[in-house]
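Student: Requesting a structural model of the entry that follows:
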Amino acid sequence: MSSSKLCSAQGLAKELACSPAIRERDCALFWRQKGGLNSPVIIAIHGWASNGDIWDSVREQLPDYGFLTVELPGFGVVSTRQCMSLRDYAQSVARAIAGGELGRLLANRTTYLVGWSLGGQVAAEIAACIPQSIAGLVTLASNPCFVAKQGWPSAMAASTYSTFCENFAQNPAKTLKRFNALQVSGAQSPRALRTLMSACLPLCGEQDVALWQQALVWLATDCRAALASFDKPQLHLLAADDALVPSVVPLQQFGEVQVMPSAGHCMPLASSHQVARAIRVFTKTHSVVALDKQRVARAFSAAAEQYDGFAKVQKVVASEVLARSAKLSPGHLADIGCGTGAITQGLANRGHTVLALDIALGMVQFAKRQQRSQVDIRYLAADAELLPLADNCLDGLVSSLAIQWCSDPALLCCEVHRVLKPGGRAVIATLGPGTLRELKLAWQAVDDCVHVNGFISQPCLRRAIEAAGLEVTRFDVVDEKLTYPSVGPLLKELKAIGAHNVHIQAPAGLMTRTKLKALSDAYPLTPFGDDANEGALVASYDVFYIELSKPLS
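Tutor: Predicted coordinates:
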């Protein structure tokens, strides 16, 4: 390192050490730990009737991360005393993060927002304000629409919420005691958890009642639009035994969802180990340039000969894509990620001129050998994000379970727009963040490595499509499930089709017997009551079926 860079690094380290609190007019943030100069930074937001100390156990398990806490009005030692709306407060925190002293310190560090309970709603609104400054969002036991509405029943009944607010206004101490009992409900050791919580429960003095009531008003804010607009990776952790936020809140439409078994509402304390590990795996999974495309190509080339014998869900999805492609007008079509050529052959049999394209040369060669009739098909090994095709050359385009191996959705969508003729249409199937969620959750009980590839969320994909100038004519989400007698056959199948872990941070080395047993022990079984599959292992695939068109002008 040059002397000038060393001085700069030392100066930044000194600034960090001397900045215990970042104060703005309407908000306060605390540095809890600095981490390394280039390490990721977590900005954590507590829930109602709590403070930043709630994160101490999670923070201690992430010693290599920078860690700041936001103190909500009336709950933190140095927090603002001013009443305001949730969105106004989120904007004030966003200004502190993106600008001024803190913005300068965070400029070269990857920053994630993490929010628990009410803090999840606050984090969602902050993320929507400054998406350019936030790399990802994690919520814990949080409902973006806490009070039930038409079309959103998985929430607290409006009458229950109103009664709670009235009770708090009349008798804050008694109501708070009841609320804390709900927070520890579902925990494995509620008495011990209540003791831990006592250090994170600020007293509600007379001067604080108005601010605490204001925060209750925040809970009634509908933050779903904020989550939908944030086009970066999202992870939503829910607790199976939560007495305040149902574990069935439909957050899959915004990002990845994990339901922590044997956990209650107070996840930062009672489930800190699982939470810290989930955060670490999430940040690793969505690191910049996460996929190694050369490994992708090699894996699928090696799998070509045996692919059709193991590709179960892939065949189901390919059949659906081919059926939806019947709407495409006759002409020149491309099959992006053609694999062994099943869709290619089906399109050619309908009279289309088809270009079969795949990043894996082995797949292209195998598909060509498998061609069963004298139809007009050309074969090409190429990258979908850099198509070797002229502008406006295709009447249509199809792709089945291939674009999830692309590293830049925006670039991919721009390429689709470029090669389609005006009025051209595309039928695409890809995988969403709920794919292999059971396997991922089981691995997190074993270690903190990346074992499952990251998959794009609906908001991210929709934003990339719209930015490219394409129009979505249909977007369907289907949860496909496969069952297995044990973990071994699932892992064997993934490897056989080339769809095993090709993440750039995938762990090296072979699977050991010890790890396989730990993984098997942690893998969730089919819930009791499912007579057809009871006791089997389920692997879920979060499939997006998307139909697009390029405008005529």
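Student: so who does the closest residue to D242 other than its chain neighbours touch?
Tutor: Nearest residue to D242, sequence neighbours excluded (CB to CB, 6 or more residues apart in numbering): H265, at 4.7 Å. From N, CA and C alone the C-beta is placed, and that goes for glycine too. H265 makes contact with 117, 141, 182-186, 239, 242-245, according to CB atoms under 8 Å, 6 or more residues apart in numbering.
Student: go on, C460?
Tutor: Going by CB under 8 Å, 6+ apart, C460 touches 231-233, 409.
Student: now do 6 Å
Tutor: Neighbouring residues of C460 by CB atoms under 6 Å, 6 or more residues apart in numbering: D231.
Student: Send me whichever strand or helix holds it as PDB with only the CA atoms.
Tutor: Taking DSSP states H and E as the definition, one finds C460 inside helix 458-467. The C-alpha trace of helix 458-467 is given here as PDB (Å, rounded to 0.1, in the frame of the first residue of the first chain):
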ATOM      1  CA  GLN A 458     -39.800 -10.200  -8.600                       C
ATOM      2  CA  PRO A 459     -39.100  -6.500  -7.900                       C
ATOM      3  CA  CYS A 460     -35.600  -6.900  -9.300                       C
ATOM      4  CA  LEU A 461     -36.700  -8.700 -12.400                       C
ATOM      5  CA  ARG A 462     -39.700  -6.400 -13.100                       C
ATOM      6  CA  ARG A 463     -37.500  -3.300 -12.700                       C
ATOM      7  CA  ALA A 464     -34.900  -4.800 -15.200                       C
ATOM      8  CA  ILE A 465     -37.600  -5.600 -17.700                       C
ATOM      9  CA  GLU A 466     -39.200  -2.200 -17.500                       C
ATOM     10  CA  ALA A 467     -35.900  -0.400 -17.700                       C
END
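Student: Can you name the residues bridging to T69?
Tutor: In this entry, T69 is beta-bridged to F30, A44, by DSSP bridges.
Student: Next, count neighbours for it.
Tutor: T69 has 25 neighbours, counted by other CB atoms under 10 Å.
Student: what packs against the helix or strand hosting A302?
Tutor: Assigned by DSSP H and E, A302 belongs to helix 293-303. Here helix 293-303 touches helix 361-370, going by 3 or more CB pairs under 6 Å, 6 or more residues apart in numbering; DSSP states H and E.
Student: other SSEs contacting the helix it packs on?
Tutor: By 3+ CB pairs under 6 Å, 6+ apart, helix 361-370 packs against helix 293-303, strand 377-381.
Student: JSON lines for these, including distance to Y89 and mean neighbour count?
Tutor: Listed next are those as JSON lines, based on distance: least, CB to CB, whole Å; neighbours: other CB atoms under 10 Å:
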{"stretch": "helix 293-303", "distance to Y89": "43", "mean neighbour count": "19"}
{"stretch": "strand 377-381", "distance to Y89": "53", "mean neighbour count": "17"}
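Student: check contacts around A270.
Tutor: For A270, the contacting residues are 187, 193, by CB under 6 Å, 6+ apart.
Student: State the pLDDT value of it.
Tutor: pLDDT, A270: 91.
Student: And the helix holding A302, how far out from the chain middle?
Tutor: Distance, stretch centre to chain centre, for helix 293-303: 25 Å (CA atoms, centre = their mean, to the nearest Å).
Student: Give me the mean pLDDT for the helix or strand following that helix.
Tutor: Proceeding N to C from helix 293-303, the next assigned helix or strand is helix 307-310, under DSSP H and E. Across helix 307-310, pLDDT averages out at 87.
Student: same question, stretch 319-334
Tutor: On average, stretch 319-334 scores 95.
Student: May I have that stretch as PDB, with CA atoms only?
Tutor: Extracted C-alpha coordinates of stretch 319-334, given in PDB (Å, rounded to 0.1, in the frame of the first residue of the first chain):
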ATOM      1  CA  SER A 319     -43.400 -28.300 -21.200                       C
ATOM      2  CA  GLU A 320     -45.200 -25.300 -19.800                       C
ATOM      3  CA  VAL A 321     -43.000 -22.900 -21.700                       C
ATOM      4  CA  LEU A 322     -43.500 -24.800 -24.900                       C
ATOM      5  CA  ALA A 323     -47.300 -24.600 -24.400                       C
ATOM      6  CA  ARG A 324     -47.200 -20.900 -23.800                       C
ATOM      7  CA  SER A 325     -45.000 -20.400 -26.800                       C
ATOM      8  CA  ALA A 326     -47.900 -21.500 -29.100                       C
ATOM      9  CA  LYS A 327     -49.000 -17.800 -29.000                       C
ATOM     10  CA  LEU A 328     -45.800 -16.800 -30.800                       C
ATOM     11  CA  SER A 329     -46.100 -15.700 -34.400                       C
ATOM     12  CA  PRO A 330     -44.400 -17.800 -37.100                       C
ATOM     13  CA  GLY A 331     -40.900 -16.600 -37.900                       C
ATOM     14  CA  HIS A 332     -37.300 -16.500 -36.600                       C
ATOM     15  CA  LEU A 333     -37.100 -17.600 -32.900                       C
ATOM     16  CA  ALA A 334     -34.300 -18.100 -30.500                       C
END
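Student: For it, buried residues please.
Tutor: 320-322, 324-325, 328, 332-334 (16 or more other CB atoms under 10 Å).
Student: In JSON lines, list these along with secondary structure.
Tutor: Below are the buried residues of stretch 319-334 laid out as JSON lines (DSSP: H, G, I helix; E, B strand; the rest coil):
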{"residue": "E320", "secondary structure": "helix"}
{"residue": "V321", "secondary structure": "helix"}
{"residue": "L322", "secondary structure": "helix"}
{"residue": "R324", "secondary structure": "helix"}
{"residue": "S325", "secondary structure": "helix"}
{"residue": "L328", "secondary structure": "coil"}
{"residue": "H332", "secondary structure": "strand"}
{"residue": "L333", "secondary structure": "strand"}
{"residue": "A334", "secondary structure": "strand"}
